[in-house]
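[1] No sequence on hand, only this structure:
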């Protein structure tokens, strides 16, 4: 019997959730869990695969926006809840699901698709490129401080649970300088701050206010005593996120965290590869990198909108050719540089596919990397250098929103 | 407290200075055998020692290197090494005096840059050095990283110990492309290839040869049986370096290494941040990062010569104001663009000290980071333009420890 792939009806969402959770090494949600998650599931753009009346695979997305280089916000689907039951893998079901989802988003005029991968081997097959990575670090705070340039004339306050979301969301909206940042839907805010809001674990939010009283940065963190409580009087902490409207305020917040009495070590699961910490720390090696991982996989859905939606360096232009980009499979070309991107019929200096262009789009993955790996082809090394001069963006891409 | 004096070292003082350095760097005095191996490198350096009466209390030295900078020029560079002060003589300005004299002498020799590999990351910023490159330490799960290899049209051969010093050095020169690389003196090769030359351990150099018979890449590695947690021994390898004339050959060498029979993990102490391995591994997460460290610390000794030596990208110019607390001729403003760098009196978009300019010089540390980290200042537009001009790929990486 064939497998049917279709948009998931509202009454089918729980079956889809059951299949997804099993595919992702979990159990189907019980009634209590489902009651908590149903609203999110009902809000998703959702496609599921059915073997008769059994749901065997699912992919969904929520509507969001991605900050492009230059600061514009591009419409984006955040691809999530993706999985196929182990009984039905290797039948092409996931390709049909993701194709259906992408076609649906393209029909709605969405510019980008963005996801956080469970495994790094999957999404290159579906036109996604690795557009930005993140670091996991452990900080020896005594060695890291003082941070250069971390003094402000502002003040710090711990935010009571009930006020947290109203405090942090407007700051997050203004702390918008990195490409790859996404707009967070309500359910994602709820998920990230649940413990801090309810107070069920020792999680804190500290807000920094400027001298005029304007909230302009926050840090979300938790603290613990180490096991050896009477041996080493050694506290440890985990920093979930720090967002601020300027690098200076961000540094002031890190300095605040480093100065918390009793705490000797802080870990951070997600940090930008070019975090302000590294060059501000008194000792570069005090911010010890334990892992670097592919954070953001991106697929451009509307190339014209994407190219028009980001800024480009004021550098000599190049012609980028994209193979199989149109509905007819034809190639298209754009002249990009000197601050603009325009369609052209001129010969391409550099040719790539949608995964290559998507990887380079946010300005962090270089054309030098992509051409070396055979994911793009350029006339010569000078072309690659020009392409990187046009595309490269600092600060690097970072999202900080796992979903 | 007795006053100390500083002066260039003479050959009869080397071993005494060497033992003082070993004390400062947590090591015991050299045996005769150690010294026989080390002495050639002392003959290749310009050393300065601090003396209190007849005791060496501190030492610095500089090799005469050339360093590759963006655009392909090799620039005379002081390779700073053997830096130390005895623990009994700290906080008396010994290191400041020695590093200052070293920089003065290097400038007189026409060296444009000073570069070093730091024992600790907290020391050199105050002497005008900035972090110009990073290195990664990784462990590769070979089974996950291995890709369905396309057979190379070329051939591989393992070098015999007697061939190493003839074959590898010229190949290194043909296969070195990244800013930050240095030319390697013979003593460096003897040190790096020591175990492979001795041939008592499984230290190997594999060479790739193109179909028309030209050597175009090599990898230096070692393999051994390792007992992990008392379980059955498994094969493990360490890769010292992989260098190739083209990305295709580099990929072929990685296919070779990832495909080594019996070997389950490969460790690398030093890998560029943007190594091709990350792009070609079947599963990028199979290349597990264990650390990211500062690699090259750079100090520009002659700003005019340094800015002339490197090329920048074909982008809009920017004016950068530099201050150097030690050298007045390095203080000033330069307008930098595709047509070159010229001194100017126009208002600068970016202001930095010599450590900031040095960090950015090789094209890997961004101006955005330097401004955000308080090492430079500038408005957002000037920072964007400076990054468009300075950024260089592939990223800087030296790969030579000295």
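    Happy to help now that I have it. Quick caveat: nothing in here was measured; it's all calculated off a predicted structure. Numbering: from 1, shown residues only, chains lettered A, B, ... in the order given.
[2] Can you list the residue ranges for helices in the stretch 201-350 of chain B?
    Secondary structure of the stretch 201-350 of chain B by DSSP state H, counting those that start in this stretch: the helices cover B:247-258, B:276-280, B:303-309.
[3] How about the stretch 251-400 of chain A?
    Per DSSP H, counting those that start in this stretch, the stretch 251-400 of chain A has helices spanning A:276-280, A:303-309, A:354-361, A:367-372, A:381-391. These are given in chain order.
[4] what about the fourth one, distance to the chain center?
    The chain centroid and the centroid of helix A:367-372 are separated by 22 Å, computed with Cα atoms, centre = their mean, to the nearest Å.
[5] Okay, buried residues for that helix please.
    Judged by neighbour count (16 or more other Cβ atoms under 10 Å in any protein chain shown), helix A:367-372 contains these buried residues: A:367-372. In this view, the C-beta of every residue, glycine as well, is placed from N, C-alpha and C.
[6] Contacts for that helix next, please.
    Among residues not part of helix A:367-372, those counted as contacts by Cβ atoms under 8 Å, 6 or more residues apart in numbering or on different chains are A:350, A:352, A:356, A:359-360, A:376-378, A:384-385, A:387-388, A:391, B:247, B:250, B:274, B:276, B:278-279, B:393-394.
[7] can you pull the contacts of residue A:81?
    Remark: with contacts taken as Cβ under 8 Å, 6+ apart, residue A:81 is in contact with A:16-17, A:20, A:41, A:44, A:46, A:58-60.
[8] actually residue B:344, sorry about that
    Each residue near residue B:344 by Cβ under 8 Å, 6+ apart is listed here: B:319, B:333-335.
[9] give the contact list for residue 218.
    Using chain A. The neighbourhood of residue A:218, defined by Cβ under 8 Å, 6+ apart, consists of A:159, A:167-168, A:171, A:205-208, A:242-244, A:253.
[10] Actually, chain B is the one I wanted.
    With contacts taken as Cβ under 8 Å, 6+ apart, residue B:218 has the following neighbours: B:167-168, B:171-172, B:175, B:205-208, B:242-244, B:253.
[11] Between those, which sits nearest chain A?
    Taking Cβ to the nearest Cβ as the measure, chain A sits nearest to residue B:244 out of the contacts of residue B:218, at 10.5 Å.
[12] Leaving out chain neighbours, which residue sits closest to the closest one?
    Nearest in space to residue B:244, with sequence neighbours left out and distances taken as Cβ to Cβ, 6 or more residues apart in numbering or on different chains, is residue B:217 at 3.1 Å.
[13] coming back round to it: mind checking which of the contacts of residue A:218 are buried?
    The neighbour-count test (16+ other Cβ under 10 Å) applied to the contacts of residue A:218 identifies A:159, A:167-168, A:171, A:205-208, A:242-244, A:253 as buried.
[14] just checking, which of those belong to strands?
    Residues of the buried ones among the contacts of residue A:218 located in strands (DSSP state E): A:205-208, A:242-244.
[15] which one of those residues sits closest to residue A:262?
    Checking those against residue A:262 by Cβ to Cβ gives residue A:206 as the nearest, at 15.9 Å.
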